[in-house]
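>>> this is a predicted model, with the sequence first.
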Amino acid sequence: MQELESSLLAARLNARYGRSLDAGFLDEWPQYFTEDALYRVTTRDNFLGGLPGSLIYARGKAMLLDRVQALQRANIYEVQSYRHVIGTPLLENMVDQTLKGETPFLVLRIMRTGETSIFASGSYVDRIAVRSDGQMLLSERQVICDSSRIDTLLAIPL
Amino acid sequence: MQELESSLLAARLNARYGRSLDAGFLDEWPQYFTEDALYRVTTRDNFLGGLPGSLIYARGKAMLLDRVQALQRANIYEVQSYRHVIGTPLLENMVDQTLKGETPFLVLRIMRTGETSIFASGSYVDRIAVRSDGQMLLSERQVICDSSRIDTLLAIPL
Amino acid sequence: MQELESSLLAARLNARYGRSLDAGFLDEWPQYFTEDALYRVTTRDNFLGGLPGSLIYARGKAMLLDRVQALQRANIYEVQSYRHVIGTPLLENMVDQTLKGETPFLVLRIMRTGETSIFASGSYVDRIAVRSDGQMLLSERQVICDSSRIDTLLAIPL
């Protein structure tokens, strides 16, 4: 059951993560990461080829906060909204209270005009730190996008 | 674990709810609600602005049954089908054996011609009554649609 | 809890199943089935009408392996990729360590050009064999597609 409980807790982490982004609570987004976390958005081709290129790359919570503040200043975030639909996480134990996780996702974009489209799909490839009280935080989230054609205005976190 | 068990039971309630609508078993739909339940479909803008306008508003199981019967008479339901994809519920305890829940959803519409499109996305904002035997019923479901552009023929429950 | 545990294990089976197909690990696909499993892809209309027609029909693991090898030879699989988003399984106990399951799904197709579209939606209607160590295998998976308009090049498993 230990394993199944972890799976439920990871699903909840993802649900909260998605809710913060979809509700426009960008401020909350960095709180799902550890202090020195890596956050990266890349394409499947890059990832499979082991290439370093990233659409977004941030190391450490300070960079995540910077990104949030830049988005808030630019007000880019408010002209559209997003909807994350996140699948079941597949977990593997690693050393040191860390889990390896992989989770499929789909993100819709809803324009102010009301038009809805598929914005991105892919999988989250994660390292998840499990604290002694059971709380989970992302120490690494690589967002692997299925499509190589990502909107060049991509500024919001996925 | 109590909390995780609730989360699983709420996920199952949603799965059954979605299955009833997608399989065309409209008769089953009211059974997921309490006798005096509130069911409302509205837009994100309305909801965030605290505005009362609703695309659908029903108070009490009798109104839900009425709606089902009207749909069945009109046969509107049968010219297309729907597919709900429902995410992980986020729950919070309230008093009196009641949970507050929020769950993202996506609904596809499949026309008789075979064409499939995104019909709606959003989140269910719920109050869930937990009976002593553990069964869950919706005492309130507010369907908050991301898009303000909802098909004006919207008659089916979401 | 027994029941909830089964639900989690079935969700994990589906998650692994989807991951194998989406990551292009076609070789792994047959391993989710029992030796004499039935795998069938059909439309909702066919299924509801009790009609025998199938878009794909395979009986036994050998036929599943054949299909995988044919796809690999044709390299059809590599010109596009897929993304499964799979919902919560609804389970029912049957005799003989077997569960009946029904699970909604959505599959996106991502072309090499980057274009993403809804490829299929529907539900998995399953019989799941539960081994004494708890491992689950599909003894039957009927993939019921919502739309009657399925790409005629449909060769990949859903």
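Good, I have the coordinates.

>>> grab the nearest non-local neighbour of the residue in chain A positioned nearest to chain B.
At 2.7 Å from chain B, A:Gly114 is the closest residue in chain A, using C-beta to the nearest C-beta. In short, each C-beta sits where N, CA and C put it, glycine included. Nearest-residue entry for A:Gly114: B:Arg149, 2.7 Å, with adjacent residues in sequence omitted and distances by C-beta to C-beta, 6 or more residues apart in numbering or on different chains.

>>> so how far is C:Thr113 from the most centrally placed residue in chain A?
Chain A has A:Leu158 as the residue nearest its centroid, 4.9 Å off, counting by C-alpha atoms, centre = their mean. Going from A:Leu158 to C:Thr113 by C-beta to C-beta, to the nearest Å gives 21 Å.

>>> low pLDDT regions in chain A?
A:1, A:75-78, A:151-155 (pLDDT under 70).

>>> tell me which stretches of it form helices.
Using DSSP state H, the helices found in chain A span residues A:2-22, A:44-48, A:61-74.

>>> can I get these in a markdown table with distance to chain B?
Listed next are the helices of chain A as a markdown table, based on distance: least, C-beta to the nearest C-beta, whole Å:
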| stretch | distance to chain B |
| --- | --- |
| helix A:2-22 | 4 |
| helix A:44-48 | 22 |
| helix A:61-74 | 17 |
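
>>> tell me the most buried of those helices?
helix A:2-22 (a mean of 20; mean count of other C-beta atoms under 10 Å in any protein chain shown).

>>> and chain A, which of its residues are near chain B?
Contact residues, chain A versus chain B (C-beta under 8 Å from any C-beta of the partner chain): A:5, A:8-9, A:11-12, A:14-16, A:18-19, A:22, A:81, A:83-86, A:106, A:108, A:110, A:113-118.

>>> try it again with 10 Å
Within chain A, the residues that sit near chain B (C-beta under 10 Å from any C-beta of the partner chain) are A:1, A:4-5, A:7-9, A:11-16, A:18-19, A:22-24, A:80-89, A:106, A:108-118.

>>> thinking again about what came up before, out of the helices of chain A, nearest to C:Lys61?
helix A:2-22 (27.0 Å; C-beta to C-beta).

>>> quick one: that closest one to chain centroid distance?
Here helix A:2-22 is found 12 Å from its chain centre; the criterion is C-alpha atoms, centre = their mean, to the nearest Å.

>>> also stretch A:103-121?
The chain centre lies 15 Å from the centre of stretch A:103-121; the measure is C-alpha atoms, centre = their mean.

>>> rewinding a little: between the helices of chain A, which gets nearest to C:Phe47?
helix A:2-22 (30.0 Å).

>>> which residue packs closest to A:Arg59, ignoring adjacent ones?
A:Arg59's closest residue in space is A:Leu38 (C-beta to C-beta, 6+ apart), at 5.5 Å.

>>> OK, contacts around the one you found?
A:57-60, A:63, A:127, A:138-142 (C-beta atoms under 10 Å, 6 or more residues apart in numbering or on different chains).

>>> quick one: contacts for the nearest residue to A:Leu99 once chain neighbours are set aside?
Excluding its sequence neighbours, the residue lying closest to A:Leu99 (C-beta to C-beta, 6+ apart) is A:Ile128, at 4.4 Å. By C-beta under 10 Å, 6+ apart, the contact list for A:Ile128 reads A:6, A:9-10, A:13, A:34, A:89, A:91, A:94, A:97-101, A:136-141.

>>> count the neighbours of the residue nearest to A:Gly114 for me.
A count of neighbours around B:Arg149, defined by other C-beta atoms under 10 Å in any protein chain shown, yields 15.

>>> likewise A:Gln142?
18.

>>> surely it touches A:Tyr39?
Yes - if you go by C-beta atoms under 10 Å, A:Gln142 and A:Tyr39 touch, sitting 8.1 Å apart.

>>> identify the contacts common to those two.
Residues touching both A:Gln142 and A:Tyr39 by C-beta under 10 Å, 6+ apart: A:Ser54.

>>> what about the residue of chain A closest to chain B, how many neighbours?
Per other C-beta under 10 Å, the neighbour tally for A:Gly114 reads 13.

>>> that one and B:Val125, how far apart?
For A:Gly114 relative to B:Val125 (C-beta to C-beta), the value is 20 Å.

>>> what do you get for A:Thr116?
19 Å.

>>> please export the C-alpha coordinates of stretch A:126-136 as CSV.
C-alpha atoms of stretch A:126-136 as CSV (Å, rounded to 0.1, in the frame of the first residue of the first chain):
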residue,chain,number,x,y,z
ASP,A,126,10.0,14.3,-12.5
ARG,A,127,12.1,13.8,-9.5
ILE,A,128,10.0,14.1,-6.4
ALA,A,129,11.4,14.8,-2.9
VAL,A,130,9.4,13.2,-0.2
ARG,A,131,9.7,14.9,3.2
SER,A,132,9.5,13.1,6.5
ASP,A,133,5.9,14.3,7.0
GLY,A,134,5.0,12.9,3.6
GLN,A,135,4.8,16.2,1.7
MET,A,136,6.0,16.0,-1.9
